[in-house]
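Enquirer: Provide a 3D model corresponding to the input given below.
(chains A and B)
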Amino acid sequence: MQYLNAFWVGGLICAIAQVLIDKTKMTPARILVSFVVAGVILGGLGIYDKIADFAGAGATVPIIGFGNTLAKGVMKGINEKGFIGIFTGGTAAAAGGIAASIFFGLLMAIIFKPKQK
Amino acid sequence: MNYSKQEYSDYSNKKSPDSPLLKDVLFAFLIGGAICTIGQGVSDVYEVIFRLDSESVKTATSITMVFLGALLTGLNVYHKIAKYAGAGTIVPITGFANAITSPAMEFRREGWILGLAAKMFVVAGPVIVYGISASIVLGLFYYLVQVL
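Expert: Coordinates of the predicted model:
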């Protein structure tokens, strides 16, 4: 059941983005930025966790989940460390994904050559 | 990503004359859904087999999906899927990894510093800039609400 929910909720989030791309000609970069900021807002309001409880990876794998991670991280950071958490909480929670993206991106660029276009 | 808006719309009109919206959305749904389902499988492996706590499960899943996205980009597979999937490959975190790896590979020939390392952030940079800034604004509100 969790797999079915992950499939259709994740698919639906991507389908919404596709409609935006086709209808508004939003570039992929704008989609990613908008979805991350939307994730921060939905996370701050406590809405996104409810979707994630239902859909699992269907909610956490899309980039909105990255925004949600930032939002929850900043609130947790403030609860634990006070004012400094405003600056450390979000990035600390998202550190794994950011660091992995940078390192694996570098690694693949060292290993593989781009195909001629 | 390298097309201007007009070029892209010309290109997509040429490539998909019959009801492109429905077809695009369907592919985005199916492939985006499939990537999330794989993510669910990865997440269950970390939870059930490695017995990580729920926060570590999410981080480990993200790192694994990022690795897969970067690897498939390196193998030149990701952009082939993306041709059909559109947003289905952009929106999942694998698409974020693709957005970093793809320019890193392409601009390596322009040097290690200002080529590969600088250009890898052409799409990821804005995501990080606005994502982190939004979280700090949220944090300020949250802190004020707590203090007052």
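Enquirer: so how far is chain A from residue B:30?
Expert: 6 Å (CB to the nearest CB, to the nearest Å). Placement of C-beta: from N, CA and C, glycine included.
Enquirer: next: residue B:48.
Expert: 12 Å.
Enquirer: burial of residue 61, as a residue count?
Expert: Assuming you mean chain A. Neighbour count of residue A:61, defined by other CB atoms under 10 Å in any protein chain shown: 34.
Enquirer: that's the wrong chain, I wanted chain B
Expert: Residue B:61 has 29 neighbours, counted by other CB under 10 Å.
Enquirer: swap in residue A:106?
Expert: Using other CB under 10 Å, residue A:106 is surrounded by 19 other residues.
Enquirer: that one and residue B:103 touch, don't they?
Expert: No: counting by CB atoms under 8 Å, residue A:106 stays clear of residue B:103, with 11.8 Å between them.
Enquirer: residues bridging contact with these two, i.e. touching both?
Expert: Here residue A:106 and residue B:103 have residue B:120 as joint contacts, going by CB atoms under 8 Å, 6 or more residues apart in numbering or on different chains.
Enquirer: measure residue B:84 to chain A for me?
Expert: Distance, residue B:84 to chain A, by CB to the nearest CB: 11 Å.
Enquirer: contacting residues for that residue?
Expert: By CB under 8 Å, 6+ apart, the contact list for residue B:84 reads B:27, B:31.
Enquirer: again, but for residue B:79
Expert: Residue B:79 makes contact with B:73, B:98, B:102, according to CB under 8 Å, 6+ apart.
Enquirer: repeat that for residue B:140.
Expert: residue A:86.
Enquirer: torsion angles phi and psi at it?
Expert: When read as degrees, to the nearest 10, the backbone of residue B:140 gives phi -60, psi -50.
Enquirer: my guess is residue A:98 contacts residue B:128, does it?
Expert: Yes: at 6.7 Å, residue A:98 and residue B:128 qualify as touching, with contact defined as CB under 8 Å.
Enquirer: what strand or helix carries the nearest residue to residue A:68 once chain neighbours are set aside?
Expert: Sequence neighbours aside, residue A:43 is the residue nearest to residue A:68 in space, at 3.7 Å (criterion: CB to CB, 6 or more residues apart in numbering or on different chains). If you go by DSSP states H and E, residue A:43 is part of helix A:28-44.
Enquirer: show me what counts as buried in that helix.
Expert: For helix A:28-44, the neighbour count (16 or more other CB atoms under 10 Å in any protein chain shown) marks A:28-29, A:31-44 as buried.
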